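Novice: Okay, sequence plus prediction incoming.
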Amino acid sequence: MRVLFVASECYPLIKTGGLADVVGALPQALGRLGAEVRVLLPNYPEVAGALGGTRVVGRFRERGGDVTLLAGEASGLDVIALDAPHLFDRPGSPYHMPDGQDWPDNHVRFATLSGIAARIGCEGVAGWRPDVVHAHDWQAGLAPFYIRLATVPCARTVFTIHNMAYQGVVPTTELDTLGIPSRFYTADGMEYWGALSLLKSGIVYSDRVTTVSPTYAQELRTGEFGMGLEGAVSARAKDFAGILNGIDDTVWNPRTDRLIPATYSPRDLSGKAADKAALQAAFGLDVDPSRPVFTVISRLAYQKGLDILLAVLPELIERGGQLVLLGSGDPDLQRAYMDAAAGHPGRVGVRIGYDESLSHLAQAGADAIIIPSRFEPCGLTQLYGLRYGTLPIVARTGGLADTVIDANDAALARNIGTGFVFYPVNADRLRFAVERAIALWYGAPEVWRRLQVNAMAQPVGWHASAERYLDLYRSLPGEGAGAPAQPEAPAEKSAAPKKPARPRAATAAPKAKPATAARKSRKSPTSGKNGG
Ligand code: ADP
């Protein structure tokens with residue numbers, strides 16, 4: 001089984017969030033099951049710097065400039081880097097300019113990535129043709145569509161939604177630029193509230209659609225979570241599945257983690273105590289083993305519910321807790337948490353920014369991790385928390401609901417609890433969950449210890465989910481010998497975008513927004529993480 005992953009991020013080469021962790025780890029788990037996976041990524045400066053010894057495996061002339069495919073290896077991953085300096089050799093994040101604004105040509109940049117993925121899916125590269133093109137999130141959402149346009153046998157396609165809130169919405173004036181014939185601009189095609197959605201393209205035109213947890217798969221069919229695409233998802237119901245993300249055991253493992261001062265295991269948690277002291281010191285907190293340390297490691301976005309936690313902070317502190325927050329994003333939230341740190345010296349420590357190694361220290365050193373998300377497709381930080389014996393306190397939504405077992409009386413009686421789950425997502429319920437945790441911490445340390453052991457024993461690795469993906473790939477018709485031409489494929493010559501350069505307009509919000517969480521998020525569905 002040969003699989004081409006197409007994505008805009010891949011840990012450890014380039015990461016802004018959980019997408020990178022998945023794209024970095026799942027190919028290796030599939031590899032252990034016998035699949036041959038290559039990852040197609042933009043050759044951002046970070047990727048170019050990390051990929052050693054590349055060789056040229058393809059060159060194409062695109063309207064905006066020449067592009068080269070470079071094959072290389074990094075951290076056990078076979079990578080094909082799309083070297084297109086005019087699109088990807090830029091400072092800033094993968095999606096944003098240094099001033100935080102989206103790159104105005106994001107749709108062209110990622111349509112080019114998708115077009116090249118389609119080309120590889122149909123023609124192969126250096127003698128290697130995938131059986132499946134597995135496209136991730138809106139940045140790769142046009143890959144299945146371009147493959148549909150092909151008239152030759154091509155790879156089958158799988159599309160994974162990592163977050164419905166980022167939809168790659170593009171004005172219809174860009175149809176031609178992206179090589180999308182206007183007949184696909186329909187309600188059951190790519191049309192999205194008067195604009196185009198590249199995420200919707202992935203949902204509509206791929207052979208199979210997945211998302212990253214079973215509960216999120218259910219939620220996406222509802223108006224509350226579907227963000228205007230619940231109809232598109234429901235229309236694919238028989239081809240749609242939720243497969244839980246896992247974690248990379250070689251990166252996130254308290255027994256072997258080289259980014260923490262002391263390693264530890266469920267049998268001997270003494271290293272965790274040392275990590276806690278180091279964490280408290282690093283964040284300017286009172287170094288006191290008796291106080292429960294709560295951590296947050298997160299983008300500061302409305303989705304993550306950290307405004308709700310602010311309302312609960314006074315009780316958390318009053319009852320003896322400490323808070324360590326590592327994150328960045330919304331300027332108002334950044335300021336509010338910095339003010340909280342200034343107002344509670346020794347009790348609240350805040351680091352605004354992105355710091356991979358500090359995130360390991362926070363997972364290892366904290367006693368509990370708080371994730372009050374309004375929606376959470378899967379969530380990885382609660383999985384890291386489980387693995388590190390750092391009890392998750394989570395909202396009952398998406399993958400959080402699928403991975404944490406609330407330590408209620410029944411679960412305690414059967415000794416199966418792994419954390420604290422609250423619902424609905426509001427300050428009262430979060431406050432109650434934090435109070436329950438603190439009561440256990442001080443009142444029943446032996447129960448806390450049992451919960452830690454349960455948490456650390458959870459099977460949060462990739463093995464089971466990688467098997468599910470492999471089953472999914474195998475279930476696709478035409479696998480192996482080249483997919484048959486798809487009967488519904490319209491006659492078009494090229495699988496690549498026809499005019500991948502010179503965008504005329506910046507990414508725009510849709511004219512009308514659906515009455516869903518997208519509107520509640522106070523943001524356009526294209527803004528924030530992963531750009532537009
Ligand atoms: P999302 O992808 O929505 O941001 P996830 O929980 O799926 O949320 O994944 C977030 C990933 O990003 C995790 O690996 C987490 O450790 C990491 N992360 C988030 N914020 C920071 C930060 N400020 N510093 C370091 N790592 C971070």
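Specialist: Nice, I can see it.

Novice: Spit out the contact partners of the closest residue to the ligand within the chain.
Specialist: At 2.3 Å from the ligand, Gly18 is the closest residue in the chain, using Cβ to the nearest ligand atom. To be clear about C-beta, it is placed using only N, CA and C from the backbone, and glycine gets the same treatment. Contacts for Gly18 (Cβ atoms under 8 Å, 6 or more residues apart in numbering) come out as 162, 245, 378-380.

Novice: Ala48 now?
Specialist: Residues in contact with Ala48 (Cβ under 8 Å, 6+ apart) are 81, 83, 89.

Novice: picking that back up, looking at the contacts of Gly18, which are in helices?
Specialist: Residues of the contacts of Gly18 located in helices (DSSP state H): none.

Novice: Nearest to Arg414 among the residues you listed?
Specialist: Closest approach to Arg414 among those (Cβ to Cβ): Gly379, at 24.3 Å.

Novice: what number of residues lie near that closest one?
Specialist: Gly379: 30 surrounding residues under other Cβ atoms under 10 Å.

Novice: Mind jotting down where the helices sit in the stretch 201-350 of the chain?
Specialist: 214-219, 230-235, 270-282, 306-318, 331-343 (DSSP state H, counting those that start in this stretch).

Novice: which helices and strands does the strand or helix carrying Leu41 pack with?
Specialist: Using DSSP states H and E, Leu41 maps to strand 36-42. Using 3 or more Cβ pairs under 8 Å, 6 or more residues apart in numbering; DSSP states H and E as the contact test, the elements touching strand 36-42 are strand 2-6, helix 18-32, strand 77-83, helix 106-123.

Novice: Could I get the buried residue list for stretch 152-162?
Specialist: Buried residues in stretch 152-162, counting neighbours by 16 or more other Cβ atoms under 10 Å, are found at 154-162.

Novice: ok, back up a step: now the helices and strands packed on strand 36-42 in TSV, with mean pLDDT?
Specialist: Below are these laid out as TSV (pLDDT from 0 to 100):
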stretch	mean pLDDT
strand 2-6	98
helix 18-32	97
strand 77-83	98
helix 106-123	97
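
Novice: Of the ones you listed, which is nearest Gly271?
Specialist: helix 18-32 (23.5 Å).

Novice: most packed of the helices of the stretch 201-350 of the chain?
Specialist: helix 214-219 (a mean of 21; mean count of other Cβ atoms under 10 Å).

Novice: when you scan that one, is anything in it near the ligand?
Specialist: No: figure legend: helix 214-219 not in contact with the ligand (Cβ under 6 Å from any ligand atom); closest approach 11.2 Å.

Novice: same question for that helix, mean pLDDT?
Specialist: In this model, helix 214-219 has a mean pLDDT of 98.

Novice: chain center to that helix, what's the gap?
Specialist: Centroid displacement of helix 214-219 relative to its chain, using Cα atoms, centre = their mean, to the nearest Å, is 15 Å.

Novice: Which residues does it contact?
Specialist: The contact list for helix 214-219 (Cβ under 8 Å, 6+ apart) reads 210-211, 225-226, 240-244, 375-378, 397-399, 401-402.

Novice: For ChimeraX, write the selection for the buried entries among those residues.
Specialist: Entered in ChimeraX, the line below selects the buried ones among those, by 16+ other Cβ under 10 Å:
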select :210,211,225,226,240,241,242,243,244,375,376,377,378,397,398,399,401,402
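
Novice: Same list, the contacts of helix 214-219, but only the ones touching the ligand.
Specialist: Cys378.

Novice: Quick one: the contacts of Gly18 as CSV, columns for pLDDT too.
Specialist: What follows is the contacts of Gly18, written out as CSV (pLDDT from 0 to 100):
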residue, pLDDT
His162, 98
Asn245, 97
Cys378, 97
Gly379, 97
Leu380, 96
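
Novice: tell me which of the residues you listed is nearest to Gly320?
Specialist: For the contacts of Gly18, the nearest to Gly320 is Gly379 (26.9 Å; Cβ to Cβ).

Novice: Which positions in this structure make contact with the ligand?
Specialist: Where the chain comes near the ligand, counting by Cβ under 6 Å from any ligand atom, the residues are 17-18, 21, 297-299, 326-328, 354-356, 359, 378-381.

Novice: out of the residues you listed, which are buried?
Specialist: Taking 16+ other Cβ under 10 Å as the criterion, what is buried in those is 17-18, 21, 297-299, 326-328, 354, 359, 378-381.

Novice: By neighbour count, which of the contacts of Ala48 wins?
Specialist: Within those, Ala81 tops the neighbour count with 25 neighbours, counted by other Cβ under 10 Å.

Novice: That residue touches Gly72, doesn't it?
Specialist: Yes: with contact defined as Cβ atoms under 8 Å, Ala81 counts as touching Gly72 (6.5 Å).

Novice: can you list the weak-confidence ranges in the stretch 51-200 of the chain?
Specialist: Residue ranges of the stretch 51-200 of the chain with pLDDT under 70: none are present.

Novice: all helices for it, in order.
Specialist: 85-88, 106-123, 142-149, 198-205.

Novice: Single out the most deeply packed of the ones you listed.
Specialist: Of the helices of the stretch 51-200 of the chain, helix 142-149 is the most buried (mean count of other Cβ under 10 Å), at a mean of 29.

Novice: Let me know the outermost residue of the chain.
Specialist: Gly443 (36.8 Å; Cα atoms, centre = their mean).

Novice: Can you give me the pLDDT of it?
Specialist: Reported pLDDT for Gly443: 98.

Novice: Please name the residues that touch it.
Specialist: Per Cβ under 8 Å, 6+ apart, neighbours of Gly443: none.

Novice: which residues of the stretch 351-500 of the chain fall in helices?
Specialist: Ranges of helices in the stretch 351-500 of the chain, per DSSP H, counting those that start in this stretch, are 356-365, 381-387, 398-403, 409-414, 427-443, 445-456, 463-475.

Novice: and stretch 222-233, what's its mean pLDDT?
Specialist: 97.

Novice: check contacts around Ile180.
Specialist: 142, 145, 190, 196, 497.

Novice: Tell me the one of the residues you listed nearest Ala336?
Specialist: Comparing the contacts of Ile180 against Ala336 with Cβ to Cβ places Leu196 closest, at 36.0 Å.

Novice: domains of the protein?
Specialist: Domain segmentation of the chain under automatic domain parsing yields 2-246+462-520, 271-456.

Novice: For Ala262, find the nearest of those domains.
Specialist: Ala262 lies closest to domain 271-456 among these, at 3.5 Å (Cβ to Cβ).

Novice: from what I can see His162 touches His136, true?
Specialist: Yes: counting by Cβ under 8 Å, His162 does reach His136; the two are 6.3 Å apart.

Novice: hey, what's in contact with both of those two?
Specialist: 19, 22.

Novice: Just send the contacts of Ala48 back as CSV, with distance to Ile308 too.
Specialist: Listed next are the contacts of Ala48 as CSV, based on distance: Cβ to Cβ, whole Å:
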residue, distance to Ile308
Ala81, 40
Asp83, 43
Asp89, 40
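
Novice: so Val37 touches Cys10, yeah?
Specialist: No: Val37 is beyond contact range of Cys10, at 11.2 Å (criterion: Cβ under 8 Å).
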